[in-house]
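1. Return atomic coordinates for the entry below.
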Amino acid sequence: MSTKSTLWYLNDNNLKYETVIKRLNEKKFSLNPEHYPDFSLVNKMQDQILDLSGSEIRYNLFDYSIASTTGKRIHNQLIVFDQNDQIGFIVDKSKIGLHFIRALLGYDSSQKGVVIPAKRDDSFFDGRLFFWIISRIYYDESQIDFDSDDKNSSLEDASISFNSLDAVKGKTVASLNTVSTEGSDVIKMLTTLSFLLESDRLTEVSLAMTYKEHRNLKVELRSGSDLVGVGVDLYSYDGPYREEKIDDPILRCELLLLTHLDLLPTIQILFKNDSADEDIKRDLAVDIVANMKRRLNKLLEELGAE
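-> You can find the predicted model right below:
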């Protein structure tokens, strides 16, 4: 899951979805050969439809590649989609995402604001949302059922279950620790406390969950200044997209659409609806320390210690 994707939207009402796809298919773009040596763009899946929570997503999946000094080509994905007449892009390599999409569409550097990043809630960047998930796991409230009858909710009938949340230290891929629904209460306390102590070094997290009919859905989230990078694990996933027996690039495409356009907005709504306390990290730490003290005192009494 090392490759992260980012979500962008077109902010130009004069450009239609069909026009964008035609432009890309006919290769009507000019990229800087120094930045994109021997650039190639191939449409791998044309005019596909994916249903997400009752919303019909039209999309095309492109493979783009450049030459490398090793002689091997470097391949990445570009997903162009239309959701309710809003044109969006999911592209690998977040650092070049804005300039890359703008160049493909024929905009120059002076035309700012025509391609914009997806708006995410501040809780994705300040840690509150992740600590809310930790608290749900710690207090054995990891499963959340939501229904469309709730007038205060825009969600359809479904459920989500947070199975574990892993911290990734810095920019490495090695797991720092895991807060999981599995294991003993003591292990859960220790790993949660460890997560809290290391939280100031948190740059990425990995969530493993069940969402609707999607089982063993594991995603990595990287928070930047105004972007959330998303990676997905193809091999742990078990669900309807797997049952379609599609190729890995297409499976990755559908999982990214699911995560960016459905899963993350749902988590954000659930967090907001739960009215989570902004001091959730502090309150969780207080509860864990108090629980550990009780357990240690009980252990000392059983050992006959004064």
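
2. just the strands in the stretch 51-200 of the chain please.
-> Counting by DSSP state E, counting those that start in this stretch, the segments of the stretch 51-200 of the chain that form strands are 55-67, 73-83, 86-92, 115-117, 143-146, 158-169, 175-180.

3. can you list the domains in the chain?
-> Domains of the chain are assigned by automatic domain parsing as 5-117, 123-293.

4. Looking at those domains, which is nearest to L299?
-> domain 123-293 (10.4 Å; C-beta to C-beta). Placement of C-beta: from N, CA and C, glycine included.

5. What's the end-to-end length of the closest one?
-> Separation of the first and last residues of domain 123-293 by C-alpha to C-alpha, to the nearest Å is 31 Å.

6. quick one: which of the domains of the chain is nearest E301?
-> domain 123-293 (12.6 Å).

7. tell me the average confidence for that closest one?
-> Averaged across domain 123-293, pLDDT comes to 82.

8. From V230, how far out is L217?
-> Using C-beta to C-beta, to the nearest Å, L217 is found at 12 Å from V230.

9. list residues touching both of these two?
-> Both L217 and V230 are in contact with T259, where contact means C-beta atoms under 8 Å, 6 or more residues apart in numbering.

10. Go ahead and confirm I79 touches I57.
-> No. No contact is recorded between I79 and I57 when judged using C-beta atoms under 8 Å, the distance being 9.7 Å.

11. which one of these two has more residues nearby?
-> Neighbour count, other C-beta atoms under 10 Å: between I79 and I57, I79 has more, with 24 against 20.

12. check contacts around the more buried one.
-> Y59, N60, L61, F62, F89, I90, V91, C253, L256, L257.

13. Repeat that for N25.
-> Residues touching N25, when contacts are defined by C-beta under 8 Å, 6+ apart, comprise N43.

14. so what's it scoring on pLDDT?
-> 96.

15. what about it, distance to E182?
-> From N25 to E182 the distance is 47 Å (C-beta to C-beta).

16. picking up where we left off before, among the strands of the stretch 51-200 of the chain, which is nearest T192?
-> With respect to T192, and counting by C-beta to C-beta, the nearest of the strands of the stretch 51-200 of the chain is strand 175-180 at 5.1 Å.

17. Assign the one residue sitting closest to the centre of the chain to helix, strand or coil.
-> Geometric centre of the chain, nearest residue: V230, 3.9 Å, by C-alpha atoms, centre = their mean. State at V230, reduced to three classes by DSSP: H, G, I helix; E, B strand; the rest coil: strand.
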